[in-house]
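S.K.: Return a 3D structure for these sequence lines:
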Amino acid sequence: MEETLGKRIVFHRKRLGLTQDALAELMGVTAQAVSRWETGSCYPDTELLPAIANLFGVSIDELFGYRNDRDKKVDAI
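M.R.: Below you'll find the model as predicted:
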């Protein structure tokens, strides 16, 4: 199963013990917006991405599931 941005948002929200309402309040959006992010019917506004990543304690790259193989190459050297 493909891991989507929405699924990563759900994972991190639950990891922090937040409800959709709580995440919505922290981000200044509605709970319906958070629900739409999590189901993949829409995406967070790009201006919110740094705040979401910061709240979750991950980089924006990690939030989007980008796995850079640079670390693997450095380790190999």
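S.K.: what packs against the helix or strand residue 38 falls within?
M.R.: Following DSSP states H and E, one finds residue 38 within helix 31-39. With contacts taken as 3 or more CB pairs under 8 Å, 6 or more residues apart in numbering; DSSP states H and E, helix 31-39 sits against helix 5-15, helix 20-27. Where C-beta positions appear, they are placed from N, C-alpha and C, glycine not excepted.
S.K.: Just give me how far the last one sits from the chain centre.
M.R.: By that I understand helix 20-27. Relative to the centre of its chain, helix 20-27 is centred 13 Å away, using CA atoms, centre = their mean, to the nearest Å.
S.K.: angle of it against helix 31-39?
M.R.: Helix 20-27 runs at 100 degrees relative to helix 31-39, counting by axes from the mean of the first three to the mean of the last three CA atoms, to 10 degrees.
S.K.: got JSON lines for the helices and strands packed on helix 31-39, with mean pLDDT, distance to residue 52 and mean neighbour count too?
M.R.: JSON lines is the format used below for the helices and strands packed on helix 31-39 (pLDDT from 0 to 100; distance: least, CB to CB, whole Å; neighbours: other CB atoms under 10 Å):
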{"stretch": "helix 5-15", "mean pLDDT": "97", "distance to residue 52": "7", "mean neighbour count": "16"}
{"stretch": "helix 20-27", "mean pLDDT": "98", "distance to residue 52": "7", "mean neighbour count": "16"}
